[in-house]
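[1] have a look at this fold, sequence not included:
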């Protein structure tokens, strides 16, 4: 790992610590140095800290015990995390592959514009495959729905069309259990029967009615993959679920 | 017989569990083509091969993780009763969803037998399931069945004896497995199904955590909590997702192995009907047509039945009795205006029974084809206006069947606010099946316009009550509306008739004694002069405010006992010309909304407690009188009496 990548990893770790302890990212994060070194791979090297301080990404208090992300550092960390989680979505949804290795490399390379394009392509996902929030980008704020978007929300699907679920933005654990019980999960093909007054989909032979909010949170692949029902079986790609959580260590 | 073997029937909602239970034991519990028909545990016995089997029929569930009280009831039953055999009712139409539940049941380590139900429907759809491979892969007996037609019952009885502990299991990966093993060790000695418990704790099951707090010492509990945190923190994000992915993978692989599908999908009448009934453009006219047809059937056909029964059965018998009884007191007791035979038996059998027979047939057909849940699609937006966003729509729609049962199904609602609103609305202006039938019968005597006025008033009242409650009550958790819809199917004539028979039988069994008893009470009140006194006391309200004749006091007293008895009297009053158009409308509206029936009140108390139930009942009764009074004034203004 070169210095630059390593510095990014530290910034990312700072973001994670903050996310874990507060559930949301505040403007300024303050952290204990010893805790940071526990949470980052291989501990902190003075060289990296100096680099981060000199580039105005972090501030260290006089006693040398507490680390603070500067606004600039915060923005950089946010970009890294966003890129990482979007990459996970991309690798996982598009390729059905193990999401960790690629995503880690990915986060250091991609430019802001590329990240926004991927975000748009994936229909502005709200969370990564692990269920963690993806920091929003400019594209999400503008809620750009470009023609390039391959993943659309269920409520944008045409009536009578089939689509394969890419992912579900699931606000709570309880809903995950209910959705799984009804087989509404990534990789499954659904058909939209109606959207008014209530959404009705067909999923694994079952008709299910759901409200608009949930329909917005179910993201599906644009129809190009499925022209009609008869081609469904031939075209349905087998999904693998190789990962079992992302191990930190 | 040395031992009773406990068999628990489990499966998805609406997968045919109750029907299988009925088939095996020869008993009868209500079956319907929608979810939550069974809301409590039903027990029945049967004997096979010299062994006595105790069968538990329970509500359906999607997973062992408890989302609602209803699901908790089932899981608690498994955990507390530790049944000898699980009879897993696998809905062949919903194979993957069933298998998701199946793998969880298999992890319990209890001997299982599988009834692969509704295979007639899958074969029609061109889906073929390899039962032999399913059986050998899971290592448990699998019996194909078509429960609704009683097919497969004998084989199932034999198979239950051969139930095996399944060999299927999922390896959840090193971290989860090691974690589960650790939690299992830390769980208290007497905790049943330790592995399953550990898994559920990892998934953050709040009900199990409560159980754990009550059974563990503080140290034990904190140790377990620490272990769980240690395991879950090794995952970025939700461990639940990781576990479900493993299960989904298992289900996908298994179904790929056992299912063969033809691409040709028949477009059936049933599918088209389902589609039309849910679409707003066609759905509302269909609903209107259903109400219209029901109205005319109830009014015209029931009238004919009553006429035939009256002239060929009732009249000859009454004439005979009338000839025998010479004492004026006994004649009055039996055949007078409050006579046991004329008001009691006659009201129940001659007036109410024909209406209910016709209405139940219509209603049971609607239930059997699965129309009722599809109504929720049509009405969801309407309900959301009154603060009902999620689970409560189905209970309310079910309230048109039976308010008591619907009140119990509010157990599926996790939001307190929604639950209260739903219970209140069910108890208030929502007419239950017998009430709808009787309202149609009563209004049929006055005219269709009157029926529509009553309907509009009830709807308006319900809507206003909902909007007000929604404004008054504090918001808590928001519910997501997610409702599985049963497949529309052609009604099964035999099943409909059988259910109608049982519903009528239950009506006669429960209501006839009350009819007779109320007649005796009214007769006594009349003889002692108390009735007259009550009438005089209530005159300002009844006569002036509600604009009704004094006879309505009888009706209101009867409502307290049984709505059907009151309806019989109202119909009698209309027949005798004692209630005019306005009065008929006011009295029917009043009795529909008036105090909830005893069974419903019992259910309300059970669900929300005595105090809140009493408050609800008080408001319902008071508002019903106020609304009926206002209705009287409005009708007088437009129709001049």
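    Arrived safely, thanks for sending. Everything numeric here is computed off the predicted structure, so don't read it as measured data.

[2] alpha carbons only for contacts and neighbour counts from here, please
    Noted.

[3] quick one: average confidence on the lengthiest helix in chain B?
    Longest helix in chain B by number of residues (criterion: DSSP state H): helix B:493-528. Averaged over helix B:493-528, pLDDT sits at 88.

[4] repeat that for stretch B:197-207.
    Per-residue pLDDT over stretch B:197-207 has a mean of 87.

[5] could you list the buried residues of that stretch?
    Using 16 or more other CA atoms under 10 Å in any protein chain shown as the test for burial, stretch B:197-207 gives B:197, B:198, B:199, B:200, B:201, B:202, B:203, B:204, B:205, B:207.

[6] run through the chain and note the low-pLDDT ranges.
    No chain was given, so I picked chain A. Where chain A drops to pLDDT under 70, the residues are A:1-4, A:21-45, A:63-65, A:94-105, A:109, A:143-149, A:171, A:223-249.

[7] can you look at chain B instead?
    For chain B (pLDDT under 70), the answer is B:1-2, B:34, B:36, B:236-237, B:263-267, B:389-391, B:476-478, B:640-641.

[8] show me the strands in it, by range?
    Ranges of strands in chain B, per DSSP state E, are B:4-11, B:42-48, B:51-57, B:85-91, B:112-117, B:127-129, B:142-145, B:259-261, B:482-485.

[9] about what we covered before: now the buried residues of stretch B:197-207 as a markdown table including distance to residue B:553?
    Below are those laid out as a markdown table (distance: CA to CA, whole Å):
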| residue | distance to residue B:553 |
| --- | --- |
| B:197 | 58 |
| B:198 | 61 |
| B:199 | 61 |
| B:200 | 57 |
| B:201 | 58 |
| B:202 | 61 |
| B:203 | 58 |
| B:204 | 56 |
| B:205 | 53 |
| B:207 | 49 |
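
[10] put together TSV for these, with distance to chain A on each row.
    Formatted as TSV, these follow (distance: CA to the nearest CA, whole Å):
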residue	distance to chain A
B:197	16
B:198	17
B:199	13
B:200	11
B:201	13
B:202	12
B:203	8
B:204	8
B:205	9
B:207	12
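
[11] you'd agree residue B:109 is up against residue B:166?
    Yes. Taking CA atoms under 8 Å as the definition, residue B:109 is a contact partner of residue B:166 at 7.0 Å.

[12] neighbour count winner among these two?
    residue B:166 (23 against 18; other CA atoms under 10 Å in any protein chain shown).

[13] for the residue lying closest to that one once chain neighbours are set aside, what are phi and psi?
    Closest residue to residue B:166 apart from its sequence neighbours, by CA to CA, 6 or more residues apart in numbering or on different chains: residue B:139 at 5.2 Å. The phi/psi pair for residue B:139 (degrees, to the nearest 10) reads phi 80, psi 30.

[14] and the gap between residue B:139 and residue B:163?
    9 Å (CA to CA, to the nearest Å).

[15] who's more crowded, these two?
    residue B:163 (21 against 17).

[16] separation between the more buried one and chain A?
    Distance of residue B:163 to chain A, computed by CA to the nearest CA, to the nearest Å: 25 Å.

[17] quick one: contacts for that residue?
    Residues counted as contacts of residue B:163 (CA atoms under 8 Å, 6 or more residues apart in numbering or on different chains) are B:85, B:111, B:112, B:113, B:140, B:141.

[18] do the same with residue B:133
    Residue B:133 neighbours (CA under 8 Å, 6+ apart): B:257, B:258.

[19] quick one, helices of the stretch 251-400 of chain B?
    With helices called from DSSP state H, counting those that start in this stretch, the stretch 251-400 of chain B shows them at B:269-278, B:280-296, B:302-309, B:315-324, B:328-335, B:353-369, B:371-385, B:393-399.

[20] name the nearest residue to residue B:57, ignoring sequence neighbours.
    Nearest to residue B:57 is residue B:42, by CA to CA, 6+ apart, at 5.0 Å.

[21] likewise residue B:429?
    Residue B:429 sits nearest to residue B:593 (CA to CA, 6+ apart), 4.8 Å away.

[22] so residue A:165: helix, strand or coil?
    strand (DSSP: H, G, I helix; E, B strand; the rest coil).

[23] swap in residue A:186?
    Using three-state DSSP, the structure places residue A:186 in coil.

[24] and the nearest residue to residue A:157 once chain neighbours are set aside, helix, strand or coil?
    In this structure, residue A:157 finds its nearest non-sequential neighbour in residue A:192, 7.3 Å apart by CA to CA, 6+ apart. Of the three states, residue A:192 takes strand according to three-state DSSP.

[25] residues contacting residue A:192?
    So residue A:192 contacts A:154, A:157, A:158, A:159, A:160, A:161, A:162, A:199, A:200, A:201, A:202 (CA under 8 Å, 6+ apart).

[26] among those residues, name the ones in strands.
    Using DSSP E, those in strands are A:162, A:199, A:200, A:201, A:202.

[27] residue A:7: which of these is nearest?
    Relative to residue A:7, the closest of the ones in strands among the contacts of residue A:192 is residue A:162; by CA to CA it sits at 45.0 Å.

[28] ok, residue A:111 - how many residues close by?
    When neighbours are counted by other CA under 10 Å, residue A:111 comes out with 13.

[29] torsion angles phi and psi at it?
    phi -90, psi 170.

[30] how much space is there between it and residue B:635?
    74 Å.

[31] next one: residue B:515
    32 Å.

[32] have a look at the two and say which one is more surrounded.
    residue B:515 (28 against 17).

[33] I'd assumed residue B:348 was in contact with the more buried one.
    Yes. In this structure, residue B:515 is within contact of residue B:348 by CA under 8 Å, at 6.7 Å.

[34] can you pull the residues that touch both of those two?
    Contacts common to residue B:515 and residue B:348, judged by CA under 8 Å, 6+ apart, are residue B:565.

[35] quick one: contacts for the residue nearest to residue B:427 when sequence neighbours are not counted?
    Spatial nearest neighbour of residue B:427, excluding adjacent residues (CA to CA, 6+ apart): residue B:596 at 5.8 Å. By CA under 8 Å, 6+ apart, residue B:596 lies in contact with B:427, B:428, B:617.

[36] of these, closest to residue A:174?
    The closest of these, once distances to residue A:174 are taken by CA to CA, is residue B:427, at 29.4 Å.
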